[in-house]
Every structure is written in C-alpha cells, then in structure tokens.
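Trainee: Generate a structure from the sequence data that follows.
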Amino acid sequence: MNVLKLFKIKKILLLNIFLTLYVGINLIGGDRGLISFFEKKKLETKLSIQFKNLENEMSLYSNKNKLLSKNLNLDYLDSLYRDKLKFGKKSEIIIKLNNEN
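Mentor: Model prediction:
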C-alpha cells in the first residue's frame, strides 16, 4: 500500500512540475509569450512611423494634384515646367541651386 501511495504522490508531483514548466516556457517564449509581445510591439511602432510618413507623402501629392486640377494654378505650373524641363526665356538668367527635392 505504501508503495502505491508513494507512486501516486510522485506521479502528481511530476505532473505538476511538467505543467508548470510547460506554462512557464510558453509564457516567455511561445507565440503569445513575452518575447513575441516585444517583437510585435517594435514592429507596430515601426509600421506606425512608416504609415505617418506615407500619409504625409500622400497629402503632399494630393496638394500638388489640386494645383494641377480644374482650378489651374499658373504660378505652380510655371515653376514646375521651368524646374523639370529647364525652360527659360532668352532674357532670363537661370541659376541652378541645390535643392533637397
């Protein structure tokens, strides 16, 4: 009898140890663990910064598109074709400056 009781107690103890190890390992290193959480958090901040940059670029292009729509802005159009086509009149002197654009 004592052997059976001892075996049952050790069996329960081993089962508890294995379950605790399983939960602990998955808490730290599993797909939903702490390491994965911090990796996903870093990815989320990186993607949010990229989203803001793309949003700013999209607003820039939409503003340029508005300038070239039905209500044509002649000043913008003039600066655009002078810049892109290197166009100028004979009486003008063209000085090229280094721009970031």
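Trainee: Which secondary structure element is home to L54?
Mentor: Following DSSP states H and E, one finds L54 within helix 34-67.
Trainee: Looking at L85 now. What's its pLDDT?
Mentor: Looking at L85, its pLDDT is 77.
Trainee: Number of residues surrounding it?
Mentor: Burial measure for L85: 8 neighbouring residues, criterion other C-beta atoms under 10 Å. For every residue, glycine as well, the C-beta is placed using N, CA and C.
Trainee: Also L67?
Mentor: L67: 15 surrounding residues under other C-beta under 10 Å.
Trainee: doesn't L74 make contact with it?
Mentor: No - the pair L67 / L74 is not scored as a contact, 9.8 Å apart, by C-beta atoms under 8 Å.
Trainee: overlap in contacts of the two?
Mentor: By C-beta atoms under 8 Å, 6 or more residues apart in numbering, L67 and L74 have no common neighbours.
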